[in-house]
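Visitor: Here is the input, now give the coordinates:
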Amino acid sequence: MKIYPSLIVSCLFAMGIIIAEIVGRPLGQTYYFVLIIFLVSFLIFIKSIPYVYKFFIILLLTISTGFFVHSANNLNHLKTFAPDIYLDEVSISGKVEKVDLLGSRYLRFQIISDSVLFRGKTIKVNYLFQVSLNKEDTISVDSVYAQILPGRKISVIGNMYNKSKVRVPGEFNYSEYLRGKGICGSINLKDPKNISVDKHGENYFASRLLWIRQGIADIFSEYTTVQSAGLLKSLLLGDRNDISAETRSEFVKAGVIHILAISGLHVGFIAVLFSFLFGRFCIITRSTLTILGLFLFLFISGMSVSVLRAVIMGTVFFIAKIFDKETSIFNSLGIAALIILIFSPNSLFDISFQLSFAAVFSIAYIYPKLEKIINNLKIKPEALKSIFKLFSVTLAAQIGTIPLVLLYFGKLSIISLITNILVIPIAGIIVGMGILLIAVSFLVSFLPVITGEAINGVIILLFNIIARSSSYSFSYINVAGYNMISLLIYYGSFALLFFLLKKFSSALAKVVLIIFTSISISVFSGIVQTEFFEKGKLNILFVDVGQGDATLIRFPNGKSAIVDAGDIKFRDSGVKTIAPLLAYLGIDIIDYGFITHYDSDHFGGMLNLIYHNKIKNLIIPPIDTCIEVEKKLTQFINRHSVKFSEFKKTIINVGESKMFLLNNPPKSGISANMRSGVILIQHGKTKVLLTGDIEYPGELELIHNYAEQLDSDVLKVAHHGSKTSTSEEFISKVTPKISIISAGVNNRFGHPHINTLYTLKKFKSDVYRTDKEGSILLVSDGVQFKKFEWQ
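Guide: Okay, the predicted model is just below:
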């Protein structure tokens, strides 16, 4: 059995990082530093100790070093001075560390702070922050962008959003994503005037690199379409800012999301290109120049983890060639991991790091076995054999990355093996054509124009293949509740499988073992997957959609309903929140969809559900065709052939539960809020009242019509807790044990109003707020409602 020291050391080092992440730093950094010094001294000065003890000490030393390095770089320290989710008017002074390419939607850069000023106090800290500014005023933003260069001193004033936990089930944890890149906070700016830059003291090398990167991006934008330029910037510059969320979703469904990241494939292409260009030189000169070329590409491409991994491995390979030594891909992989983790231990928790290393390890270990099988089959012609080998490379990569894809994206692409056979070669062609476009852009004008048009054609072909592949009903399946235990079972089972395969010589026995292991992985992974909703009970999830409303109901019989779906004006809740939530929960179709009224913060997110035909029965208030928004909404619903009916007094039976629609909203003549539909849901002895945005007159009407029936266990407080609703007369009739307020963090309306909170407190109702807690889950067994901590 071969031993790969670098791989073993990197795994032990990573183990130390994981332990530090789990247990924190209870004994302080000094303790672990002293422990490391002691262990090193023990190894140096006590030479007569048995080999077994030496092995154990080295193991402990490596783990302790990983623990110490991660502890010293721990980014949980942000909580010590910014425990709130949202901080307004935060002032940060420091130096520009990195500047992203100027995207079509926003300007983004990173600052290493000298000091942070908020709430009247200044904290001296050296943290890395990400700063974003929306491009509402393009001219002003472009002017500021020209001044923001790496190394320059800068001051910004903006709002800090420090979301330390997931606020919606299935939501992408952006804070953890930033943390994996060493960024401890995100600052959003409202105006370019909130940026002050000292125009001196820039980092010359980093500034020139930015100039080169932006110049290349400008070439792509000048000679290709917006769609093509976005993809080229992703493939060659590592910038995905202009790739839309819908496009990314299609790539995930087709199983080719890896195409959007610069990978070892691109680095390999660059290495071959440089080796060819420097082919006339001796091995030492050729290898040295190729290594320099790889690092140049690393810097130009944005230094992503996957590229850094590939460049380090390529460097190890060419150094070995210089000294005429053989090198193992596993040792090279271990060296790359160790170097990255020493300088950036948080990279271990970065999705890119995990996917990159898992894919390469899986290809390196599994593909040779698959290739041997293909060669033994003696397939003719050679072109067909090559297709099978390409298929095997994709299969090997998929085996290694499937659990990570399920954990982070919740989708398993069924069609990916076929799609990759088509997409990978096309992506390689696009990379080559992109490099050609850069080269010919300095020549006569018609050459880059022709090249750009050719690139547009190839990219259209690529996107059509991916769009078609992702559109089939069988293209992918949503996998709900996949967790870390499922992931460990998967990898543990495959490790056991490959160990046992060496023990069997019979081909039949090996096939039986593979089938048995595959079934076991599927069964046991499914058993440990967590079920979010409690079966046989009424589950109500008040979804955190910011300043808006969205309530998802799962009935005891398995049917579902959604009442409103958040905003679309400032953030499309349907795309960004509701769709990922439904995918995470494994809900393909919603049986009942309700729009309570026609304010965008209630119906906006519903448009995405309508567009994708996710709602079986849609219930909406009467349409006033004199109001343009309502007229267009009706046309949109009809265009997508969604069955809908008007909101009116009725009872909808859902198994043993009932939904009472309590009013007939007027068609016109009063405010949108006063046209809100009101729903009472009853399960057993428990009731929940959903009130939309009704105001005081609407409450009086409900009291008049349903004085005795309004008593409810749970109240979804009207109009986000505004002072126009939640009167004492109304609350005295509802007498809610639990009151839910859906409002945005630090919203500009000041919701909920202090009078509303006082009224609810007066009637001894427990108040839960989405702006404070995120999404709120209540579960009823028919006797009482209980609040569940789902996070």
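Visitor: how many other residues sit next to residue 723?
Guide: 17 (other CB atoms under 10 Å). For the C-beta atoms, the positions are set from N, CA and C on the backbone; glycine is no exception.
Visitor: State the pLDDT value of the residue nearest to it when sequence neighbours are not counted.
Guide: Once flanking residues are discounted, residue 723 sits nearest to residue 753: 4.0 Å by CB to CB, 6 or more residues apart in numbering. The model reports residue 753 with a pLDDT of 94.
Visitor: ok, residue 753 - contacts?
Guide: 721-723 (CB atoms under 8 Å, 6 or more residues apart in numbering).
Visitor: what helices or strands is the strand or helix carrying residue 287 leaning on?
Guide: For residue 287, the element it lies in under DSSP states H and E is helix 283-300. Counting contacts by 3 or more CB pairs under 8 Å, 6 or more residues apart in numbering; DSSP states H and E, helix 283-300 packs against helix 204-223, helix 264-277, helix 305-322.
Visitor: In terms of mean pLDDT, which of those helices ranks lowest?
Guide: Among the helices and strands packed on helix 283-300, helix 264-277 scores lowest, with a mean of 81.
Visitor: Just the buried residues of it, please?
Guide: Residues of helix 264-277 classed as buried by neighbour count (16 or more other CB atoms under 10 Å): 264-267, 270-271, 274.
Visitor: neighbours around residue 694, how many?
Guide: So residue 694, with other CB under 10 Å, has 27 neighbours.
Visitor: Please apply the same query to residue 260.
Guide: Neighbours around residue 260, by other CB under 10 Å: 19.
Visitor: Could you pull up the residues touching the nearest residue to it once chain neighbours are set aside?
Guide: Using CB to CB, 6+ apart and skipping the chain neighbours, the partner closest in space to residue 260 is residue 234 (5.0 Å). Residue 234 sits next to 240, 242-243, 260-262 when contact means CB under 8 Å, 6+ apart.
Visitor: can you pick the most crowded of those residues?
Guide: residue 262 (24 neighbours).
Visitor: Quick check: that residue vs residue 489, distance?
Guide: As judged by CB to CB, to the nearest Å, residue 262 and residue 489 stand 32 Å apart.
Visitor: same question, residue 221
Guide: 47 Å.
Visitor: The residue nearest to residue 260 should be in a strand, yeah?
Guide: No. Under DSSP: H, G, I helix; E, B strand; the rest coil, residue 234 falls outside any strand and is assigned helix.
Visitor: just for the stretch 151-300 of the chain, where's the confidence low?
Guide: Along the stretch 151-300 of the chain, segments meeting pLDDT under 70 span 162-164.
Visitor: Go ahead and flag the most central residue of this protein.
Guide: Nearest residue to the geometric centre of the chain (CA atoms, centre = their mean): residue 172, 3.8 Å.
Visitor: With adjacent residues omitted, what lies nearest to that one?
Guide: residue 580 (7.0 Å).
Visitor: Return the list of helices and strands in contact with the host helix or strand of that neighbour.
Guide: Counting by DSSP H and E, the element that carries residue 580 is helix 579-585. Counting contacts by 3+ CB pairs under 8 Å, 6+ apart, helix 579-585 packs against no other helix or strand.
Visitor: now it: mean pLDDT?
Guide: Here the average pLDDT along helix 579-585 is 88.
Visitor: try stretch 673-692
Guide: Averaging pLDDT residue by residue across stretch 673-692 gives 93.
Visitor: Enumerate every residue touching the residue nearest to residue 172.
Guide: By CB under 8 Å, 6+ apart, the contact set of residue 580 is 168, 170-172, 410.
Visitor: ok, it to residue 405 distance?
Guide: Taking CB to CB, one finds residue 580 at 15 Å from residue 405.
Visitor: just residue 778 next, same as before
Guide: 32 Å.
Visitor: Out of the two, name the residue with the larger neighbour count.
Guide: A direct count of neighbours by other CB under 10 Å for residue 778 and residue 405 places residue 405 higher, at 23 against 20.
Visitor: related to what we said a few turns ago, please enumerate residues in contact with the helix holding residue 287?
Guide: 209, 212-213, 216, 237, 267, 270-271, 274-275, 278-279, 281, 307-308, 311, 314-315, 318-319, 321-322.
Visitor: Measure how buried the closest residue in space to residue 337 that isn't next to it in sequence is and give me the count.
Guide: Nearest residue to residue 337 in three dimensions, chain neighbours excluded: residue 10, at 4.0 Å (CB to CB, 6+ apart). Residue neighbour count, defined by other CB under 10 Å, stands at 25 for residue 10.
Visitor: before we move on, what about the one 5 residues further on?
Guide: Number of residues near residue 15 (other CB under 10 Å) recorded here: 15.
Visitor: on that earlier part again, the helices and strands packed on helix 283-300 into TSV, with extra columns for distance to residue 156?
Guide: Below are the helices and strands packed on helix 283-300 laid out as TSV (distance: least, CB to CB, whole Å):
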stretch	distance to residue 156
helix 204-223	18
helix 264-277	34
helix 305-322	27
